[in-house]
Structure formats: structure tokens, C-alpha cells
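Asker: After the sequence you'll find the predicted model.
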Amino acid sequence: MNYPVWDVPILGNGLVIALIAVFHIMIAHFAVGGGLYLAMAESRALRTGRREWLEFLPAHSKFFLILTGVFGTVSGVGIWFSIGLAAPEATSSLIHNFVFGWAIEWVFFLVELTAAAVYYYTWGRIPEKLHLKVGWFYAIASLATLVIINGILTFMLTPGQTWLSVAGTGSEPDVFFAAFFNPTYWPGLFLRFLSCISLAGVWALLTGSLIDGRQRPELKTDVIRWSAKWLVPGFFLLPFCMVWYLWKVPTAQVELAQLGVSTIGAGMFTQVTRTVLISIMASGTILAVVYLAAYRNPVDFRIGFALGVLLLAVAATGTSEQARELLRKPYVIVDYLYSNSVRKIPVHRGELVVSEVEQFNKDGYLTHSIWAKAADARTVQPVPSDADEKPVTVPSDLDVTRGKLMFRGQCMSCHTVDGYRSIRRLLAGRNEKSIHNILGMLHENKEDSPYHAYMPPLVGTESEISALATYLNGLVVKPIE
Amino acid sequence: MTKSSSPASERSTGGKLWEFFDQRLGLSGILDIALHKTVPQHSQSVWYFMGGLTLFFFLVQIVTGTLLLIYYQPGGNAYDSVRRITYDIDFGWLIRSAHSWSANLMVFVLFVHMFSVYFMKAYRRPREFGWWSGLVLMVLTMTFGFSGYLLPMDELSFFATKVGLEIPSKMPLVGPAAASLLRGGPTVGQETVHRFFALHVVILPALFMLFLTFHLFLVQRHGNALPPSEERKPESARRSIRFFPDFLLKDLAMWLIALNVLGLFACLYPWDLGLKADPVASTPVGIHPEWYFMSQFQLLKVLGNWFPGAVGEVIGILMVTISGLVWALVPLFDRSSDNKMMSRVGTWIGILALAGLIALTVWGYAAL
């Protein structure tokens, strides 16, 4: 069960996670690719006698240290904080399955942070060869964090049949490696690695653009051109990795990306298509922009254009990550945990094997919700069966309260009242009966339902669903809150 | 070994092709002009991209507008055809959203271009006609926006046009006749859609191309103007880059960034369609024009409240007309940096115009 205590008006908690995550990924991928960049750049400078690079690299590593060590770290904690609040059930599942994975990642993360600080503060203070070794040490540690976290991230989209066959039995740790090296692990790892080295180039272009081209034309030309080349592997190899990745993703999930080809109809989950389009366009044009604005005329490459390139990188990375998240619908962990935190697979509770969907439909969703009891004990009392038959004319306070708790528990992880995926906008123009019909379709969750592909089953008793319809109708007719 | 004296028989296929076209089209002459043209490089060079960006969004308008023409039906089926484009046809929503967003972005960068030209004093001799032709292009662009806004015939576009056409009808003497001519009758209806459609896809593009060609010819003729701060520098301290290929390729990079910005808007905020317009319904509360007409709309609204009857609106129309005239005639009194007083007057007029435009627009939205 979810604990829907976190209500973010307008944005919704899902969007808050997305915003923090995109910010974090822009920096975290830089932390991985940038480590390689620094080590390779320093190695190249020492090997080829480019001493002037040793003036640029400390400045770049200072920017790197601040961005990754401060903003990357804080936003990483922000992700934990926000997913813990928005999707505690999913977070709990991941921790239970991957606790050692995460522990290993944190060790590498600690090594990475320490090495980054040592690397920056020892410029010119320790022998050059030793300093370079610190750089490589950092690069390997940061790469290791990617190798670990990728297993957990890809697991959510493709947990794999081996893990699913034991999910909910308590034997999940036995198949740790099957879950970790899940079907999209390798394509996901290559995708992220290519993205990391591209972002290393993008961020280096940003700091490189600050070099005075009039004063240091040779240095600026070398830095800009070398940094621009870091985008080349990603540009040419990412499409192949993407095809490989999508080949491993279940067809039903891939098909979600086509829902918005012909329409922008509300409630049709069309945004995946639009998100994918942005990702393709930004990824497909960034190298051309870098070539035209930076590589051809590096001396005059200024911060304005560098920010333009960064904008494209943010658009490409942000939308790719969002598309990956959206493709998981209607699940948080595909084929295991729905986005409303209800498990699809029956779970073992002591001697019993329990289907949460059936249990909540029979006993009531709110009955099993600890937070609902805390909110209002009256709301979880089973309503007499004849109450279901009564036509709703004037909603009682109790109906509205129970409906609101249903909304908080099962809708609010994706929808807001007035902002992102606004329920008021999606249901505009409908009356209570029509809303009830939609909720009925969501409750039955038949395979031929238009909502089946991206909406989880709405669980609860008939009276709870009626209470939700009453609450939602109140939102549509006139603001309740 | 040099190949410069190679006989024609030894020349590459590309060389032969070049010669074929060059002899017939005079490409060497065009290339020669392009290679000799330079663009100043200084701290304010970014503003030189604005004209090109406006042109880019105009080109997007042509491409997406042409695609929309395949499915759009003016008249009684206008709304249903736009509905089909938005909700049924593959990527129809994308074409329509790109068309609408690029129209708005075109107006926005056009305003930026106009004010950057103004504050760089690029209207001074010998560039007065560049300034005037630019102003004509701006008026045509805004008319494009006004005429295109009605075409979907949804509730918002219908009533906004209805309210918008009431403004010229208040103009003394010619007002009612002009409004009636645009409407095609006493009220906004199917006839209006036909007229606006003809205006939008035939008359305005023809006029626009004419003035655009003239404008680009003048830009080529006089080159990019230097801002006063650069003008004061000795010639030896000034820098420039070749227009072809250096500036042109940077311009292309800017266009690609603009394409992405357009794509972001079109995909993240696709242009929706409201309810079908009901001509007999009363005007809904909060109907307002597009953002680029908001300042004029707010001025007329405020003056209408301050003065009784139609007096306020007539005063407002006169104020807008006089302001436009002053704006157009600035090159005639701020003619050179030597006249410090007139130069300062010109700058202050620009600051006043920009501040007034922003303040009235913000006020207009706040008052909705």
C-alpha cells in the first residue's frame, strides 16, 4: 500500500521526481563521462607536451567538482527523498531486492567523491604522474557507479521472467543476478555510457567557450575541437543501441510510444510519442550544431552558443529519460507493481498467497490502508451493501472524504487536481454517471479497454469507487478544495 | 603539383557541373559577392541572428502552412477539418502545433529584431528603407497572425476575432466600411473565414514576399550596421567574419537550435482546439486577443473605461496611430551620432516604447 502523504499541487509528485531526476542525470552522466574526459585530457596533455592544457584543466575540474560534488550529490539525495515519498512501495521493493547493489554503489560513490576532491586540490602539488593516476582512479570509480545503478534502473522496465517467477515469494535474493543483468541491462549500459561521454563533451564545450579566443586562439581551438569530438561516438552509435534496447523491451510497452501519432486527445496517454519526438530531434541535430557553431570556428565559439548546445543536450537527455519512465506504464516495476502501488503478482504473506487486486476489491482498498485509518477512522468502515444501490443525489461528507482518500491513494501518484495531468481537465464535461462508467472500466481493467495499456486497475469495493466518482464529480462541477 | 591549369578534359565531374551551371546562371558572380560580404564581430553580434531567425520561422510557416492546406477546408467545415487534423490524422497535430508555435515565435523574434535594430541605431542613413520595409513586414506578420487565428473557428478564435474587428469599426470615416469588408457582412461567419483564408494564404504571402525581397536586397546592399559603441572604435580595432560560409553556417546552427525550441513547444504544449464556435452565444468572459495585440487591446480598454462612449476608443486608435507614425519617422530626425540630442531622444523613444509595450501587455493579462 502506498502512503500518500505528499501532495504537490500543480506539479504533482511524479513531475517533481522527473525534474529532480533530469537535473541529476545531466550532472551524474557528466560525473561519469567527465571523469574519463579529465583523465584522458590530462594524459594527452602530458604525452604530447600540451602544457597550456594544464592551465585549462584545473579550471574545468573545479567546475566539475562543484557541479558533481555539490549539485549532483544534493539532487541524488533529492531523488531518494522524492521517490520515497511518492512511491514508497516501489522504493521498498527496490531496496529489498538490491540492497547490496546499492551498498556497493555507495562505496564507489564515496570513492568517487573523495577522488574528485583530491584530484582538484592536488593540481601542481603532487607529481604529475601521480595526479594522473588519481584522475584514472576517479574515472574508474565513477564508471563503476554507472555499472551498478544501471542494473537497478533497467530492472524496473524489464525485471525479466526469472525474477518475476519468484517475485512475492521471499526468494527474490536467490535470483539477484538475473534481476540485475536483466534483458535491458547491456543495451541500457551502452546507451548511458554513450550519453555520458557526449555530456562530457557538452560540458567541456561550456567551460571551453569561456577561454578568451583572442588571447589564447590555439588553446581554445584545441580544447573546443577535441571536446566536440566527444559527441561523435554517441551520435553514430546511440541509434543502434536504442534499437537494441527497444528490441528487449516488451512489445506492449513499446507500443505505448505510438499512442500519440495521430492525436493529442486528452487522456489518451499521447505524451510518450511527443517526448520521443523531442528526443529524436534534439539527438539528431546536436552534432550538427556543435560542428557548425563550435568545430568550424572555435575561436569565436562563445557562451551563448555553448548554452544552446547544453539546451539541446538537456532536451535530448531529459526527454529520453522521461520516455523511458513513461514506457513503464501502467507499472512502476513492469508486470509486478502497478503505478498505483498495487501488486499485479500474488504475494506470499505467511502461509497465504494473496492477490492484492482481488483482496482490495473484496475487502476494500481503504480497509487495508493504514494512512486512511489515521486520516479518518469512519472512512474505512465497510458500507452496508444496500448503500451501493442507493442513487447518489447529494454527496455526503463521508462519501467525499472517502473519495478523496481513494484519489490520494490511487490517482495522485500520476495525476493532480489542477496541474500536471489534471484530473479536472481530463474529466471536464462529464457528469457523475459518466465518471462512474470510466472508473468502472478502470476497475474491470479488461484487455480490450482503451485504458488497459497505460492505466492500472482501480481497486476497491463498489462503494469506494462510487465515493471516488462522487469526489471527482465534485471537482468537475465546482472546486471542492 | 597544382591542378589550377588542368585542361577541361582532366577536370572532375563536380568541376564540370559547376562550369555548366556557372555559365548559365552566373554563379561565380553571386559567390564573389557572398565571399566579399562580411559581418561585424563584436560583443553585440548576437543581434545579427535575429533577422535570420525571423526568416527561419517564416519558412516554417510556409512549409507547415502548405501541409495544413491539404486537409484544411475553409467555410462551414473549417472547425471539423481542423478537428480532424488535430485528433485524427497522423502527425496532423504536430504540423498544426508547429505552425501555430512558429507563428508566435516569429512574432517574438521579429519584435526582438526590431528593437535590436532600433537600439543599434541601424535605421540611420543609408538604412531608412530597410527600417520602413521591416515595419511593413511587421504589420504584415501581425495581420498574418490575426487572419490565421480565426481559421479553426473554435470558440476562442471566433469571439476574439469578433471583438478584434470591433476595434477598426470604431475608426472615424473608414472604420465601419473596413470592418464590414473584412467580415464579409454584418457579423463574423463563414464569409469571414473565406475572406481571412484568402488574405492568409494568397494576399499576405504575396505582399510579404515582395517586401521581404526588398528588405533582403537592402541588407545585402548596405550590410550589417555597427552599433554606436563599435562605430566609435578605429577601423583597425574592428573585427568581422566572412558572411559566406562563416556567418551563414553559424546562422544555420542558430536555425537548428530554433528548430529544437520550436519542437519543444510544439510537442510539450501542442496546440489544442476549443469547442466549436456558436455564433448566437454571448461572448464568453475573458476573451482576449493574441499576446502581440494585448498592449493595444489594453490601451483601448483602459481609455474606453476612462472616457464615455466611443470617445475613449477613438482616442486610443489615434494614440496607436500616432505612436506608429513616430516610430516609423524616427530615422528622419535621429540621423547621425553627431547630433547628440536627437540621438538621445531616439533612444528614449525606444525605451519608452519597449517599456510601454511590456507594461501594457502585462497589465492586460493581469486584468483578465
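Answerer: That came through fine.
Asker: for the stretch 1-150 of chain B, what spans make up the helices?
Answerer: B:13-25, B:27-36, B:49-71, B:78-87, B:92-119, B:128-150 (DSSP state H, counting those that start in this stretch).
Asker: Would you quantify the distance from A:N182 to A:M156?
Answerer: Between A:N182 and A:M156 the distance is 9 Å, computed by Cβ to Cβ, to the nearest Å. From N, CA and C alone the C-beta is placed, and that goes for glycine too.
Asker: Lowest average confidence across the helices of the stretch 1-150 of chain B, which one?
Answerer: Note on the helices of the stretch 1-150 of chain B: lowest mean pLDDT is at helix B:27-36, with a mean of 88.
Asker: got the buried residues for that one?
Answerer: For helix B:27-36, burial by neighbour count (16 or more other Cβ atoms under 10 Å in any protein chain shown) applies to no residue.
Asker: which other helices and strands contact that helix?
Answerer: Contacts defined by 3 or more Cβ pairs under 8 Å, 6 or more residues apart in numbering or on different chains; DSSP states H and E place helix B:27-36 against helix B:13-25.
Asker: residue contacts, A:L146?
Answerer: For A:L146, the contacting residues are A:V32, A:L189, A:R192, A:F193, A:C196, by Cβ atoms under 8 Å, 6 or more residues apart in numbering or on different chains.
Asker: Now do the strand or helix carrying B:A160 against helix B:128-150, angle only.
Answerer: Secondary structure assignment for B:A160, by DSSP states H and E: helix B:155-169. Helix B:155-169 runs at 130 degrees relative to helix B:128-150, counting by axes from the mean of the first three to the mean of the last three Cα atoms, to 10 degrees.
Asker: Mean pLDDT per helix and strand in chain A: which one sits at the bottom?
Answerer: In chain A, the helix or strand scored least confidently by mean pLDDT, DSSP states H and E is helix A:385-389, which has a mean of 48.
Asker: Using CSV, write out every CA atom in whichever helix or strand comes after that one.
Answerer: Following helix A:385-389 in sequence order, the next helix or strand is helix A:397-410 (DSSP H and E). Coordinates of each C-alpha in helix A:397-410 appear next as CSV, following Å, rounded to 0.1, in the frame of the first residue of the first chain:
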residue,chain,number,x,y,z
ASP,A,397,-19.3,14.4,3.7
LEU,A,398,-18.3,10.9,4.3
ASP,A,399,-18.5,10.0,0.6
VAL,A,400,-16.4,13.0,-0.4
THR,A,401,-13.8,12.1,2.3
ARG,A,402,-13.6,8.5,1.2
GLY,A,403,-13.5,9.5,-2.4
LYS,A,404,-10.7,11.9,-1.7
LEU,A,405,-8.7,9.2,0.1
MET,A,406,-9.2,6.9,-2.8
PHE,A,407,-7.9,9.7,-5.1
ARG,A,408,-4.9,10.3,-2.9
GLY,A,409,-4.1,6.6,-2.7
GLN,A,410,-4.7,5.5,-6.3
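Asker: Quick one: mean pLDDT over the following helix or strand past helix A:397-410.
Answerer: For helix A:397-410, the following helix or strand on the C-terminal side (DSSP H and E) is helix A:423-426. Helix A:423-426 carries an average pLDDT of 93.
Asker: Right, I'll call it a day here.
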